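Chemist: What follows is a predicted protein model with its sequence.
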Amino acid sequence: SAVISQKPSRDICQRGTSLTIQCQVDSQVTMMFWYRQQPGQSLTLIATANQGSEATYESGFVIDKFPISRPNLTFSTLTVSNMSPEDSSIYLCSIRQDGELSYGYTFGSGTRLTVV
Amino acid sequence: AQSVAQPEDQVNVAEGNPLTVKCTYSVSGNPYLFWYVQYPNRGLQFLLKYITGDNLVKGSYGFEAEFNKSQTSFHLKKPSALVSDSALYFCAVGAGTALIFGKGTTLSVSS
């Protein structure tokens, strides 16, 4: 299965600033997603990153706060804008790979963000 | 809407005993079900999945799960727990293109 490199692995940021998280895959994939995991909670889907078009955001997430780029089939970025302490979370990218009879998902190692 | 529920926040079991982590789902159509494990300060690791076929699915690290359509359940099981199995376990359902996750169950295995 494909290997995902996500960086940075962690960061501590000042409120009001922005952080861009990168997700690099070692092979071309059609579907790429961004998730947020708030402290002690489950993973919540932020958006589906679409190659060549605007990302598809889930309810409660907006492009101005979480702009996403997907310039090609191996790379995507998520920016957390105008950060506040409530944005302190782990952010994960994920890909879906389809086989002949089934499919599977792989996750990056995550970016642990602390906003102070 | 697709959803998955993990009714237990925490499961405690003694080493060597069997363990079960519960998961129920609600989907329209055929469910694609997954289990993942997350160790502290580490990423999400795939354990097993059910797409179609045999209701008993075997996965990594000796885990297995049984798909029960009538009870809409996909419980994770292991015959003999290890202390190293202590972690956070997530059940997830394939909903359209992305995965939808349950809230997670913390498994604590005592020696």
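Modeler: Thanks, I have the structure now. Numbering: from 1, shown residues only, chains lettered A, B, ... in the order given.
Chemist: From here on, just use CA atoms for contacts and neighbour counts.
Modeler: OK.
Chemist: ok, A:Ile12 to A:Gly108 distance?
Modeler: 19 Å (CA to CA, to the nearest Å).
Chemist: One more: A:Trp34?
Modeler: For A:Trp34, the distance to A:Gly108 - CA to CA - is 10 Å.
Chemist: and for the two, which residues touch both?
Modeler: By CA atoms under 8 Å, 6 or more residues apart in numbering or on different chains, A:Trp34 and A:Gly108 have these common neighbours: A:92-94.
Chemist: and of the residues you listed, the nearest to B:Asn41?
Modeler: Nearest to B:Asn41 out of the shared contacts of A:Trp34 and A:Gly108 is A:Leu92 (CA to CA; 12.7 Å).
Chemist: tell me which parts of chain A are close to chain B?
Modeler: Proximity of chain A to chain B, by CA under 8 Å from any CA of the partner chain, involves residues A:31, A:33, A:41-45, A:48, A:96, A:102, A:106-110.
Chemist: all strands in the chain, in order from the N-terminus.
Modeler: Answering for chain A, as no chain was given. A:4-7, A:10-13, A:19-25, A:31-37, A:43-49, A:56-57, A:68-72, A:75-80, A:89-98, A:103-107, A:111-115 (DSSP state E).
Chemist: Chain B is the one I meant
Modeler: Under DSSP E, chain B gives strands at B:3-5, B:10-14, B:19-21, B:24-26, B:33-38, B:44-50, B:56-58, B:64-68, B:73-78, B:87-95, B:98-101, B:105-110.
Chemist: Quick one: closest of those to A:Ser53.
Modeler: Short answer: strand B:98-101, nearest of the strands of chain B by CA to CA, at 17.5 Å.
Chemist: Quick one: list the elements packing against the closest one.
Modeler: strand A:43-49, strand B:3-5, strand B:87-95 (3 or more CA pairs under 8 Å, 6 or more residues apart in numbering or on different chains; DSSP states H and E).
Chemist: From the chain's centroid, how far away is it?
Modeler: 13 Å (CA atoms, centre = their mean, to the nearest Å).
Chemist: Likewise for stretch B:12-28?
Modeler: On CA atoms, centre = their mean, the centre of stretch B:12-28 falls 6 Å from that of its chain.
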